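Colleague: Fold the following and give me the result.
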Amino acid sequence: MARRIIPALAISLLSAAAAFAQAPAGTPTFVSASALAADLRNPKLVLLHVGDKDAYAREHIPGAHFVDLSMITTANPPRQNELPAPADLEAKLEALGISDDSRVVVYFGNGEFPLATRVAFTLDYAGLGARTAILDGGLSAWVAAGNGISSEPVPAPRPGSLTVKVREGATIDLAAVRAGLDAPAPHVLDARPVESYTGADDRGGAIKRPGHIPGAVNLPYSTFFKADKTLKSTDDLKKMFSDAGFTPGTPLVSYCTSGVQATVPVIVGRMLGYDVKLFDGSYQEWSASDAPVVKAATPR
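Modeller: Predicted coordinates:
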């Protein structure tokens, strides 16, 4: 049963960029529910819902397509959630109806904001950063603003026509992270919850060497958002990076367990003008290697 079905879908991403004027060109940003609702007239919009598939079936923004991380990533056992080869990624994104001239808005359904930032990061990596936005506050913000939701099935998207243009420097590999361990200033950001950073949580034995990368500073992904799951203010976010010792102009590395939570500081940091790279293999790759591990509440 649908509630207040919205007849058209479109988006202008300009409104979201104003709050982050220092963001470099081509960077994904956040868009408000009111801006999305006001601009639903562009037929080039691709609206993507991430989260639980059953919850999506019960309620979603009209016209939104469900996307699961398995649809845009690849598995390299025992690692997961890694970027596919460019040609494979191109095919995966085209299957979602994404073309070179698409406007893509990603939103989360039940509070899974790292899933939304991971999708946005993948689009940014593919060269679509300037055409990508995240709905600030997700589905709950959309509903709170008085907008309609639907349970109507959405037809499969018509395949898009896309040429992936990989953004060089978006990621960093294990060898490069290891090579920078002795850097004098903090440059590695651990986006996991505190318990994972300290090594207290080993995921039920799944993490054989719990702890963190030497020198990494813990900035849990959840601290980037307010209680209503909307993004904190620009000033608050800048202070978070500054208090952690991160300096604008110095490349940063963000990681988590499997490269999902880490995309929150990647996207936000880029919006603030930081050069933040994703360690795509993240701690799942680090802990499986012979790289050093710190099991403590301090960086070293």
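Colleague: how about Val164, secondary structure?
Modeller: Under DSSP: H, G, I helix; E, B strand; the rest coil, Val164 falls in the coil class.
Colleague: That one contacts Asp88, doesn't it?
Modeller: No - Val164 is beyond contact range of Asp88, at 9.5 Å (criterion: C-beta atoms under 8 Å). For glycine as for every other residue, the C-beta is placed from the backbone atoms N, C-alpha and C.
Colleague: Could you check which of these two has the larger neighbour count?
Modeller: Val164 (22 against 14; other C-beta atoms under 10 Å).
Colleague: So for that one, what pLDDT did the model give?
Modeller: For Val164, the pLDDT comes out at 98.
Colleague: same check, this time on Ala38
Modeller: pLDDT, Ala38: 77.
Colleague: One more: the one 4 residues further on?
Modeller: At Asn42, the predicted lDDT confidence score is 80.
Colleague: Next: Thr29.
Modeller: 92.
Colleague: So it versus Val104, what's the distance?
Modeller: Distance, Thr29 to Val104, using C-beta to C-beta, to the nearest Å: 12 Å.
Colleague: For these two, list the residues in contact with both.
Modeller: Ala133 (C-beta atoms under 8 Å, 6 or more residues apart in numbering).
Colleague: now the residue nearest to Ala130 when sequence neighbours are not counted: how far from Lys165?
Modeller: Leaving aside its sequence neighbours, Ala130 sits nearest to Gly26 (C-beta to C-beta, 6 or more residues apart in numbering; 4.5 Å). Distance of Gly26 to Lys165, computed by C-beta to C-beta: 10 Å.
Colleague: ranges for the strands of the stretch 151-300 of the chain?
Modeller: 171-172, 188-190, 217-218, 252-255, 276-279 (DSSP state E, counting those that start in this stretch).
Colleague: Compute the distance between the residue nearest to Asp202 when sequence neighbours are not counted and Ala288, please.
Modeller: Spatially, and ignoring its direct neighbours in sequence, Asp202 is nearest to Pro210 (4.1 Å; C-beta to C-beta, 6+ apart). Distance from Pro210 to Ala288, counting by C-beta to C-beta: 12 Å.
Colleague: Between the two, which is the more surrounded one?
Modeller: Pro210 (20 against 15).
Colleague: Backbone dihedrals for that one, both of them.
Modeller: Dihedral pair for Pro210: phi -70, psi 150, per degrees, to the nearest 10.
Colleague: List the contacts of it.
Modeller: Contacts of Pro210 (C-beta under 8 Å, 6+ apart): Ser196, Gly199, Ala200, Asp201, Asp202, Ser287, Val293, Lys295.
Colleague: Compare those and tell me which is most surrounded.
Modeller: So for the contacts of Pro210 (other C-beta under 10 Å), the most neighbours sit at Ser196, 23 neighbours.
Colleague: could you measure that one against Ala185, distance?
Modeller: On the measure of C-beta to C-beta, Ser196 and Ala185 end up 23 Å apart.
Colleague: Ala116 now?
Modeller: Taking C-beta to C-beta, one finds Ala116 at 30 Å from Ala185.
Colleague: ok, which stretches of this structure are helices?
Modeller: For the chain, applying DSSP state H gives helices covering 14-17, 33-38, 53-58, 86-95, 113-123, 138-144, 174-179, 194-198, 234-243, 263-271, 282-288.
Colleague: and the spatially most central residue of the chain, what does it touch?
Modeller: Centre of the chain computed as the mean C-alpha position; nearest residue by C-alpha atoms, centre = their mean is Thr117, 1.6 Å away. Listed by C-beta under 8 Å, 6+ apart, the contact set of Thr117 reads Ile134, Thr263, Val264, Val266, Ile267.
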